[in-house]
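J.: Provided below for reference: sequence and predicted model.
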Amino acid sequence: MEQDAVSLSGQNEANNSQTCLIGRWRNDYGSILDVRAHAPTGEFSGIYTSDTGASGTYMITGWSPLVVTGGKNRPFALCLFWKPIDSEVRDPGWNWVSFMSGVWFSDAPGGLLRIEVLHGLVASTPIETDARRRHGVHTATLSFEKVSSGGSEGARSDWSDSEPYLSSQIECRLALVNTARQARVSTLELIVAANGRAQGRLGLGDDLVPVTGFMDVDPVGPLQGLALSALVGGTELSTLALGGFIRTAEGKAELELFDAAPVSFANRYTAVTVSSETFAIRDHRTAIADGGTS
């Protein structure tokens, strides 16, 4: 059964700046998460600005419920592509992607809105500051606090002015299948644009759930980075972020899963569950000039 993106439109709470995701959020490193649009389905988009380590402006996409009734906290997931949109100067970070999952807290001390996530940096090439000089998925906890409400306070579903970096050119298609008996994710089907933006659906039990994120479309070695996120419905909404490497030559993909539930701030240490799954590549076609695939 195909599960539509969870629709939470028609709620007046979305117009309250104190419960609105749209705006600028700063983390402990001074980086800015600037959410430009938040659709009724829960999907959001914007840009990420960093001056530490990687410096530049980057595309983001993610999922969080527009509202959650009953005053609960909200699950939150985000993907980021470290290829800057404001520079053509190439560096190793161009091939990296990030995935994050956690909770958007409304019950943090002091009444401040706070987002706390487990961050996975998918580095397909060695990080210069890592003495081990190894590729891998590097994890850390990040916290964001809201510093301003940008633009319209209401959630918007018209993304035409908020995502100027979307590309209509299809770069490739990817299909993965998980043969494990108790897999969290059974299948994954993606269409990837030339700018690395990915969208498709993933199989969770009997449901097909919309998923978005980024894939490195120009890998420099055998590892191709992938970062995805989704909003999962059910008795309690949750977010799922996936990230890791596609190993085309070996016919497989190895992904880490960050599964987040909207716990209370006092129980935030239980918010994210981590697991790993391996998928077989069923299809990995690259687009060609006439619109077909090879």
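T.: Arrived safely. Numbers count the residues shown, from 1 in each chain.
J.: Show the average pLDDT along the longest strand along the chain.
T.: Counting residues, the longest strand found in the chain (DSSP state E) is strand 272-286. Average pLDDT, strand 272-286: 92.
J.: Low-confidence stretches in the chain?
T.: 1-19, 52-54, 69-71, 129-131, 133, 150-168, 287-294 (pLDDT under 70).
J.: Now for the residue nearest the centre of it: which residues touch it?
T.: By Cα atoms, centre = their mean, the chain has its centre lying nearest to residue 79, at 2.5 Å. Contacts here follow Cβ atoms under 8 Å, 6 or more residues apart in numbering; on that basis residue 79 touches 60-62, 97-100, 212-214, 227-229, 241, 243. The C-beta positions use only the backbone N, C-alpha and C, and glycine is treated the same way.
J.: Sitting in strands, which of these do you find?
T.: Judged by DSSP E, strands contain the following of the contacts of residue 79: 60-62, 97-100, 212-214, 227-229, 241, 243.
J.: quick check, nearest of the residues you listed to residue 185?
T.: Ranked by distance to residue 185 (Cβ to Cβ), these are led by residue 228 at 9.6 Å.
J.: what's across from the closest one in the sheet?
T.: Listed by DSSP bridges, the beta-bridge partners for residue 228 are residue 213, residue 242.
J.: measure it to residue 174 for me?
T.: From residue 228 across to residue 174, the span is 10 Å (Cβ to Cβ, to the nearest Å).
J.: what touches both of the two?
T.: Residues touching both residue 228 and residue 174 by Cβ under 8 Å, 6+ apart: 188, 190, 198.
J.: Rebuild those residues as CSV, extending it with secondary structure, neighbour count and distance to residue 271.
T.: Shown next, in CSV, are the shared contacts of residue 228 and residue 174 (DSSP: H, G, I helix; E, B strand; the rest coil; neighbours: other Cβ atoms under 10 Å; distance: Cβ to Cβ, whole Å):
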residue, secondary structure, neighbour count, distance to residue 271
188, strand, 24, 24
190, strand, 22, 27
198, strand, 25, 25
